[in-house]
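*Asks:* Build me a model from this:
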Amino acid sequence: MSNGMKVRMSNVINLRTARKRAKRQQDDNDAQARRVAFGQPKAERERLRAAETLSRRALDQHRLDNGEDQ
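*Replies:* Residues are numbered from 1 along each chain as shown. Sure, this is the predicted structure:
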């Protein structure tokens, strides 16, 4: 090593920390996939359901009755 060559040492890695970091990353990826797969939050679903009910009720109120049973 005396003839100008530099010795480079690698970084020491704590394997436990590396495993935890990898697991956290995998959990984040899984959570993102679930969010895409299962869609909307509960509040959004309830809001859409209420709007649909309201519009259906308004449509039913404007229905013309021609005397025939449906």
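
*Asks:* in this protein, which segments are predicted with low confidence?
*Replies:* 1-4, 67-70 (pLDDT under 70).

*Asks:* Let's check: the centremost residue of the chain is which one?
*Replies:* Centroid-nearest residue in the chain, with C-alpha atoms, centre = their mean: Arg35, separated by 1.9 Å.

*Asks:* if I look at that one, how far off is Ala22?
*Replies:* Arg35 sits at a distance of 21 Å from Ala22 (criterion: C-beta to C-beta, to the nearest Å). For the C-beta atoms, the positions are set from N, CA and C on the backbone; glycine is no exception.

*Asks:* hang on, the earlier thing: the residue nearest to the centre of the chain: which element?
*Replies:* helix 15-38 (DSSP states H and E).

*Asks:* Going along the chain from that helix, find the next helix or strand for me.
*Replies:* Following helix 15-38 in sequence, per DSSP H and E, is helix 42-61.

*Asks:* Report the buried residues of that following helix.
*Replies:* Using 16 or more other C-beta atoms under 10 Å as the test for burial, helix 42-61 gives no buried residues.

*Asks:* Identify the residues contacting that helix?
*Replies:* Gln40 (C-beta atoms under 8 Å, 6 or more residues apart in numbering).

*Asks:* Distance from the helix holding Arg35 to the middle of the chain?
*Replies:* 12 Å (C-alpha atoms, centre = their mean, to the nearest Å).
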